[in-house]
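K.L.:
can't give you the sequence, but here's the structure:
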């Protein structure tokens, strides 16, 4: 499943740039290369970038999107620089390979028609052929549209890879829905060389009115490093051209290296991005529907990668906002009737009947989904180190969701979601907060935090918020337990005594039923593999002291076998936040490559739904169960629905058991009348 929680990866990219900036004559239109070597002063050295931020890298663009606007239904798509060992430059200092997904249509909601593993594709150029028979009209032009998403394979901080994409026909453009998650850089020139970048865009033809105020944003990857000094001649320009003739209108907006400018409003500039606190800014200005624009960066140093955000698709630069020309209907010329010449009768030659070849019907890839009940979903947090924790700015929450009808509302939404609140530093996409509310509500994002990611919350979309920058910390791992080790397992939970148990190395848990009143803490120095169901021995209790509680701490990864349907307790992975949780494995063996392909998950993970009564806490959770499909989902589904691939239920007995450990009176001494959970639960 493509949804990941806690430290997920989401991002988007694409840049398409222009020609030399030595004149103000009309520039060339977009081409079938991304990037086009002729569009940059650095030539073939400029590459698209997927990148994971870190101490020496300020670019957070872990996934990247491009849109191919082909002029024929069938097109050849070529990928260059996909493998880490032969990337641009080759893998040495944290560089990483790139995987690709190809979908039909102009956005990431279309059916998937190709998955490409960058390492398996090998070095050089990897080419595939795909078909889309649905035509799309954009302004005065008609295209057959394909959506391509690139994803960085590496999980280590500072990982980065450069690549290129080309098509056999049509145009490749960037996607305005990508937000700020696209970047480019000259990857091959001398460190002291300077490049000119040029981004093309224009107003959407569907927008009413002639003038609109827009905001462009940027983020500069200097990071204060000595090998990334600023160019003293760095300058930013927005230049305007006539949309029909391409002639320069004479209007030019600018921002100099010292911050002087003539935009409507600005914030920030391109200075060192020290610790992700500066080097990011925006500029506001008005655009006209009958004009097109270039966003120009002059004298960018080769070692400096830059993220850009433009709210308009680059394809608009190539089209005029007029309907296609329909030729007049000319009646056919009818020739005079001439009596036919009747030849002699010859017996016809009857060829043998050959049945037609009917290709098999290939169903679209399934879209399984996860739902969470009884508590919040938090992405980007960390374990408390004693002085708090630092949120991961690259974290997002995304899944599979859709509306049964328009306009979108709680009454029509089905798919991935949380019963309570969702917190994420990045976007929250196709994962609805407050999803158990089935009544119509205008503010679908009311329980998402912090609702300030650009492009979110528009009516009818599936983005519900994000931008929550405050740390939410999980409790730290327990200190190293004193006394002898409990061995290396395997163990049955039902046979463990009350208290703490330490296991050296990796541990296998063969399931078991937790007896009444048993409070068990397991700490394993390696990976923990769960091969059987973990349940309560009883389902009702007379006193809070009778409620059992299991907590499992894996300093490595937590792995759940594909045959397991239920686990009960609170499960932690990775003391430093690096440990992963895998919800579908073959014993201790995880699916590879990671992220796993749809076929690999379908072969192993489509038979058994997983229900977690408790919580999962870790650096990254790989939700790989594939039972059910969003096409069969219903509004406000209960956690018992067989169509949900994976369910997490933070049930009342977990609250009560944890509170009892903090001194909650037992029922025999005193009574708690009610405990009610309200969002956000924190």
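P.N.:
Noted; the coordinates are in hand. Bear in mind the structure is a predicted one, so any value in this text is a computation, not a measurement. Residues are numbered from 1 along each chain as shown.
K.L.:
tell me which stretches of the stretch 451-600 of the chain form helices.
P.N.:
Taking DSSP state H, counting those that start in this stretch, the helices of the stretch 451-600 of the chain run over residues 598-605.
K.L.:
equivalent analysis for the chain, please.
P.N.:
With helices called from DSSP state H, the chain shows them at 118-121, 598-605, 652-661.
K.L.:
and the first one, how far out from the chain middle?
P.N.:
Between the mean C-alpha point of helix 118-121 and the mean C-alpha point of its chain there is a distance of 20 Å (Cα atoms, centre = their mean, to the nearest Å).
K.L.:
would you mark the buried spots in that helix?
P.N.:
Residues of helix 118-121 classed as buried: 118-119, 121 (neighbour count, 16 or more other Cβ atoms under 10 Å). Quick note: C-beta positions are derived from backbone N, CA and C, even for glycine.
K.L.:
same question, the second one
P.N.:
Of the residues in helix 598-605, those scored as buried under the neighbour-count criterion (16+ other Cβ under 10 Å) are 598, 600-601, 604-605.
K.L.:
in a markdown table: these, plus distance to residue 137 and pLDDT.
P.N.:
Below are these laid out as a markdown table (distance: Cβ to Cβ, whole Å; pLDDT from 0 to 100):
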| residue | distance to residue 137 | pLDDT |
| --- | --- | --- |
| 598 | 31 | 68 |
| 600 | 38 | 74 |
| 601 | 37 | 80 |
| 604 | 43 | 86 |
| 605 | 40 | 90 |
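K.L.:
so, low pLDDT: which residues of the stretch 201-350 of the chain?
P.N.:
Applying pLDDT under 70 to the stretch 201-350 of the chain picks out residues 220-232, 268-279, 322-329, 346.
K.L.:
ignore the last one, the stretch 1-150 of the chain
P.N.:
Where the stretch 1-150 of the chain drops to pLDDT under 70, the residues are 1-29, 39, 43-44, 82-96.
K.L.:
mind doing that once more with 80?
P.N.:
The model of the stretch 1-150 of the chain has pLDDT under 80 over residues 1-30, 35-47, 49, 52-60, 81-97, 118-124, 140.
K.L.:
please enumerate the strands of the stretch 301-450 of the chain.
P.N.:
Applying DSSP state E, counting those that start in this stretch to the stretch 301-450 of the chain gives strands spanning 305-309, 370-373, 377-378, 382-383, 397-398, 401-403, 413-415, 417-418, 422-423, 427-429, 432-433, 448-449.
K.L.:
quick one: which of those is nearest residue 585?
P.N.:
Of all the strands of the stretch 301-450 of the chain, it is strand 370-373 that lies closest to residue 585, at 16.9 Å by Cβ to Cβ.
K.L.:
tell me the strands beside that closest one, with direction?
P.N.:
Pairing partners of strand 370-373, with direction, according to DSSP bridges: strand 417-418 (parallel), strand 646-649 (parallel).
K.L.:
returning to what we had before: right, and the strands of the stretch 301-450 of the chain - which one's nearest residue 536?
P.N.:
Residue 536 sits nearest to strand 370-373 of all the strands of the stretch 301-450 of the chain, at 17.4 Å, using Cβ to Cβ.
K.L.:
just give me how far that closest one sits from the chain centre.
P.N.:
19 Å.
K.L.:
please apply the same query to stretch 465-473.
P.N.:
Computed by Cα atoms, centre = their mean, the separation of stretch 465-473 from the middle of its chain amounts to 17 Å.
K.L.:
as a markdown table, the helices of the chain with distance to residue 641 would be great.
P.N.:
Supplementary listing: these in a markdown table, determined by distance: least, Cβ to Cβ, whole Å:
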| stretch | distance to residue 641 |
| --- | --- |
| helix 118-121 | 36 |
| helix 598-605 | 18 |
| helix 652-661 | 20 |
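K.L.:
how long is stretch 146-158 end to end?
P.N.:
One end of stretch 146-158 sits 30 Å from the other (Cα to Cα, to the nearest Å).
K.L.:
list the buried residues for it?
P.N.:
In stretch 146-158, counting by 16+ other Cβ under 10 Å, buried: 146-155, 158.
K.L.:
any idea how far the residue nearest to residue 416 when sequence neighbours are not counted lies from residue 140?
P.N.:
Using Cβ to Cβ, 6 or more residues apart in numbering and skipping the chain neighbours, the partner closest in space to residue 416 is residue 399 (3.0 Å). Distance from residue 399 to residue 140, counting by Cβ to Cβ, to the nearest Å: 38 Å.
K.L.:
show me which of those two is the more surrounded one.
P.N.:
The neighbour count for residue 399 versus residue 140, taken as other Cβ atoms under 10 Å, is higher for residue 399 (26 against 13).
K.L.:
need the strands for the stretch 151-300 of the chain, in chain order.
P.N.:
Secondary structure of the stretch 151-300 of the chain (DSSP E, counting those that start in this stretch): strands at 160-167, 171-173, 183-186, 194-202, 211-221, 235-242, 248-255, 265-267, 280-288, 291-301.
K.L.:
from those strands, which stretch is densest packed?
P.N.:
Highest mean neighbour count among the strands of the stretch 151-300 of the chain (mean count of other Cβ atoms under 10 Å): strand 183-186, with a mean of 28.
K.L.:
near the closest residue to residue 255 other than its chain neighbours, how many other residues are there?
P.N.:
Excluding the flanking residues, the one nearest residue 255 by Cβ to Cβ, 6+ apart is residue 261, at 3.9 Å. By the criterion of other Cβ under 10 Å, residue 261 has 15 neighbours.
K.L.:
residue 261 against residue 285, yeah?
P.N.:
No - checked against Cβ atoms under 8 Å, the pair residue 261 and residue 285 is beyond contact range at 10.0 Å.
K.L.:
okay, and the common contacts of those two?
P.N.:
Listed as contacting both residue 261 and residue 285 by Cβ atoms under 8 Å, 6 or more residues apart in numbering are residue 253.
K.L.:
quick one: residues contacting the residue nearest to residue 157 when sequence neighbours are not counted.
P.N.:
Closest residue to residue 157 apart from its sequence neighbours, by Cβ to Cβ, 6+ apart: residue 54 at 3.0 Å. Applying Cβ under 8 Å, 6+ apart, we find residue 54 in contact with 156-159.
K.L.:
appreciated, that's everything.
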